[in-house]
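Chemist: The sequence and its predicted three-dimensional model are supplied below.
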Amino acid sequence: MTVVRSTLPDKERRIAGDALQDTLVDLLGLSLVGKQAHWNIVGPRFRSIHLQLDEVVSAARDYADTVAERAAALGVPPDGRPETVAASFGLPGPGDGWLRDTEVVQLMVASLESTIGRLRDRIEATDKADLVTQDLFIGITRELEKQRWMFDAENWPRDE
């Protein structure tokens, strides 16, 4: 059943809709990874990383809402149910228990890099299908790359 009619032809709507749904799952999952780490971080850099995790969680949640609303505007019902996120989630996640600050930094760099890589694939996939959705993905990627950089800077100095 289609409740909202799309301004896109069916093929382009499917491409954009699939990319939006996959991005919604990634962003909701990223917000959960960030919150889990936020609650369980320990170590000498606790406070600064704890606060930075809030920034990532806030950005991921805000962008998830924007992505879901974009899907709805295209006539694609967004699915952010817990069982959908759990079944489709493919980003690195934390183990259970306390997490050292160094582990959290590595986790967030890996989770953000994975999300960014998947977004870049979706940017390419929506190039011909829907430039508005592509533009949304570009903006999300810009913010997540900034967050990845900030976490990666916590890894300095490296033994390279």
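Modeler: Ah, there it is.
Chemist: Phi, psi for the residue nearest to the spatial centre of the chain please.
Modeler: Geometric centre of the chain, nearest residue: L27, 3.0 Å, by CA atoms, centre = their mean. With angles defined as degrees, to the nearest 10, L27 sits at phi -70, psi -40.
Chemist: now swap in L99 and tell me
Modeler: Torsion angles, degrees, to the nearest 10, at L99: phi -120, psi 120.
Chemist: Start at 42, not 1
Modeler: All right, first residue 42 from here; so that's L140.
Chemist: That one touches G75, doesn't it?
Modeler: No. L140 is beyond contact range of G75, at 11.6 Å (criterion: CB atoms under 8 Å). From N, CA and C alone the C-beta is placed, and that goes for glycine too.
Chemist: Show me which of these two is the more surrounded one.
Modeler: It is G75, of L140 and G75, that has more neighbours when counted by other CB atoms under 10 Å, with 27 against 22.
Chemist: For the more buried one, give me its contacts.
Modeler: Residues counted as contacts of G75 (CB atoms under 8 Å, 6 or more residues apart in numbering) are 94-95, 97-98, 101, 149, 152.
Chemist: Same question for D142.
Modeler: 82-87, 90 are the contacts of D142 under CB under 8 Å, 6+ apart.
Chemist: And for V150?
Modeler: 189, 192-193, 196 are the contacts of V150 under CB under 8 Å, 6+ apart.
Chemist: Which of the residues you listed fall in helices?
Modeler: 189, 192-193 (DSSP state H).
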